[in-house]
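show me how the following folds:
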Amino acid sequence: MTRAAMFCLGGYPGCKTTALERFGMDRAIAREELAAVLELDFDRIIPSHGEIVETEGRAAVRAAFSWLELA
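Numbering: from 1, shown residues only. Okay, here's the model as predicted:
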């Protein structure tokens, strides 16, 4: 059921954000927080849904939030 719901909201498959996140986030705050996350040293992502991202995790997060138009 979780995968079906995430698929309907655009958050599955892969490392993606859902329609709810896109409409419900304060974009200015999200940009600041995401910039802080992207400064961390990580390569692997273990999401609460979908497959584990073993490599290039930072790039996957940046791509998932590309709609925020990060600097």
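
what sits against the most centrally placed residue in the chain?
For the chain, Ala64 is the residue whose C-alpha lies nearest the centre (Cα atoms, centre = their mean; 4.3 Å). Contact partners of Ala64, counting by Cβ atoms under 8 Å, 6 or more residues apart in numbering, are 15-17. (Glycine included, C-beta is placed from N, CA and C.)

closest one of these to Thr55?
Taking Cβ to Cβ as the measure, Thr55 sits nearest to Cys15 out of those, at 12.0 Å.

Glu21 and Leu68, how far apart?
10 Å (Cβ to Cβ, to the nearest Å).

again with Leu38
Counting by Cβ to Cβ, the gap from Leu38 to Leu68 is 11 Å.

of these two, give the one with the bigger neighbour count.
Counting neighbours by other Cβ atoms under 10 Å for Leu38 and for Leu68 shows that Leu68 has the greater number, 17 against 14.

so the more buried one makes contact with Ala35?
No: Leu68 is beyond contact range of Ala35, at 9.6 Å (criterion: Cβ atoms under 8 Å).

per-residue pLDDT, the residue nearest to the centre of the chain?
Model confidence at Ala64, given as pLDDT, is 89.

ok so, going back, tabulate the contacts of Ala64 (a markdown table), appending distance to Ala4, secondary structure and pLDDT.
Below are the contacts of Ala64 laid out as a markdown table (distance: Cβ to Cβ, whole Å; DSSP: H, G, I helix; E, B strand; the rest coil; pLDDT from 0 to 100):
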| residue | distance to Ala4 | secondary structure | pLDDT |
| --- | --- | --- | --- |
| Cys15 | 18 | coil | 78 |
| Lys16 | 15 | coil | 79 |
| Thr17 | 17 | coil | 80 |
